[in-house]
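In: Okay, here's the prediction I keep looking at, along with the sequence it came from:
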Amino acid sequence: MSAPIRVSPSTEFARIMSVGSYRPERVVSNAEVCKRIDSTDQWIQERSGIRERRYARADESVCDMALAAAVVAVERAGISPAEVDTVILATVTHPYPTPSAAAEVAFRLGTAGAAAFDISAACAGFCYGVAMAQDLIRGGSAKYVVVVGVEKLTDWIDLDDRSTAFIFADGAGAVVIGPSAEPAIGPVVWGSDGEQYAAISMTQSLIDYRENGGERFPTLSMQGQTVFRWAVSQIAIAAQAALEKAGVSADDLDAFIPHQANMRITDAMIRTLGLPAHIPVARDIATTGNTSAASIPLAMDRMLSSGEVAHGGTALIIGFGAGLTYAGQVVHLP
Ligand code: UT7
């Protein structure tokens, strides 16, 4: 007969306790980007909504930026770093396949040896992390989870490629997720469409790069229109499903915080969702660019810090990108 196994006591609910973010100092205008690509400030603003973005310093790493955001989030949560038992870090730009960026961040943050791992779900990564954190807490495997979305995309884009150079940028955002007396994170709606894996991909692998004698360092390539069409047609459907699963209507929302991919994608989603005009919508992309996994917590922190949205309000968050992958849920804001 099998030996009986004791399991951890489960917790019913989880909530986002706090958010923190880090924006690199250097502001890069459209005019500066256009020095290297055949484009204009007007085209970039009309097609993407981006006016400027932030670039990290050469000596500023994914881990440095993640740590800066996580330190703020942990302070605001009112817990000590030693109480953090899990660090989940979403990124596609950490330059080492191993060890994980999360392990370094967990150490430098001052956790007492927290469980730590990275997830690769591109621009959906933050929402994947939120879903996993809530289930780890509810299942009894974790109590306080730091979820970080961080990217240093400038290391992996070709600044002379007009299809990507104007859109992507650098930054980090982090939340602390912990136990809650009431439901504060709705069911996740997530998935992938691997048939379209080539829509956002790398020009070659690092192995190919080595075998080719170091010709053309791998950079991000994107079939912009393919991704745009998929996002506009499919992601609003997933967002609607996340609302329905949480039993929340678009009218009940205090904020809509989609991945900051392109202002026109956000506007198309607003129309499909029938979002009432008075509900604040994240438009952080205008001054931050597209920071992939970092964009949602960066936008969340800005909306809360500026007073645009009240603490404790109800928000719909949804991420989507390379894979293609997507994930979204309704949350109570910290
Ligand atoms: O975050 C991860 C997920 N990523 C996304 O969600 C991004 C989704 N895609 C997009 O946001 C858009 O596709 C872009 C903003 C990347 C591009 O906008 P678009 O409206 O789809 O542009 P397009 O590629 O259809 O190009 C339209 C025109 C073309 O010229 P013609 O053929 O109409 O004469 C391009 O050659 O604009 C031209 N073009 C440019 N012109 C000036 C393409 N790139 C540029 C540029 N500057 N940088």
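Out: On my side now, so go ahead.
In: For stretch 23-42, which outside residues touch it?
Out: Among residues not part of stretch 23-42, those counted as contacts by Cβ atoms under 8 Å, 6 or more residues apart in numbering are 44-45, 50-57, 60, 65, 159-162, 165-166, 169-171, 287-288, 298. From N, CA and C alone the C-beta is placed, and that goes for glycine too.
In: Please pick the buried ones from the residues you listed.
Out: 44, 50-56, 60, 65, 161, 165-166, 169-171, 288, 298 (16 or more other Cβ atoms under 10 Å).
In: List the ones among the residues you listed that fall in helices.
Out: Mapping those onto helices (DSSP state H) picks out 44, 65, 288, 298.
In: Setting aside sequence neighbours, what's the nearest residue to Phe320?
Out: Tyr326 (4.0 Å; Cβ to Cβ, 6 or more residues apart in numbering).
In: How about Gly173?
Out: That would be Pro297: by Cβ to Cβ, 6+ apart, it lies 2.5 Å from Gly173.
In: What is the neighbour count of the closest residue to the ligand within the stretch 201-334 of the chain?
Out: The nearest approach of the stretch 201-334 of the chain to the ligand comes at Gly224, 2.7 Å away (Cβ to the nearest ligand atom). Residues lying near Gly224 (other Cβ atoms under 10 Å) number 15.
In: Also the one 5 residues further on?
Out: Taking other Cβ under 10 Å as the neighbour definition, Arg229 ends up with a count of 12.
In: can you check the one 5 residues further on too?
Out: Look at Gln234: counted by other Cβ under 10 Å, it has 15 neighbours.
In: Please name the residues that touch the spatially closest residue to it that is not a sequence neighbour.
Out: Excluding the flanking residues, the one nearest Gln234 by Cβ to Cβ, 6+ apart is Tyr326, at 7.3 Å. Tyr326 sits next to 124, 190-192, 234-235, 238, 318-320 when contact means Cβ under 8 Å, 6+ apart.
In: overlap between the residues you listed and the residues near the ligand?
Out: When the contacts of Tyr326 are checked against the ligand using Cβ under 6 Å from any ligand atom, none falls in range.
In: which of those count as buried?
Out: 124, 190, 235, 238, 318-320.
In: Rebuild these as a markdown table, extending it with secondary structure.
Out: Below are the buried ones among the contacts of Tyr326 laid out as a markdown table (DSSP: H, G, I helix; E, B strand; the rest coil):
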| residue | secondary structure |
| --- | --- |
| Ala124 | helix |
| Trp190 | strand |
| Ile235 | helix |
| Ala238 | helix |
| Ile318 | strand |
| Gly319 | strand |
| Phe320 | strand |
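In: That's all I had, so thanks and see you.
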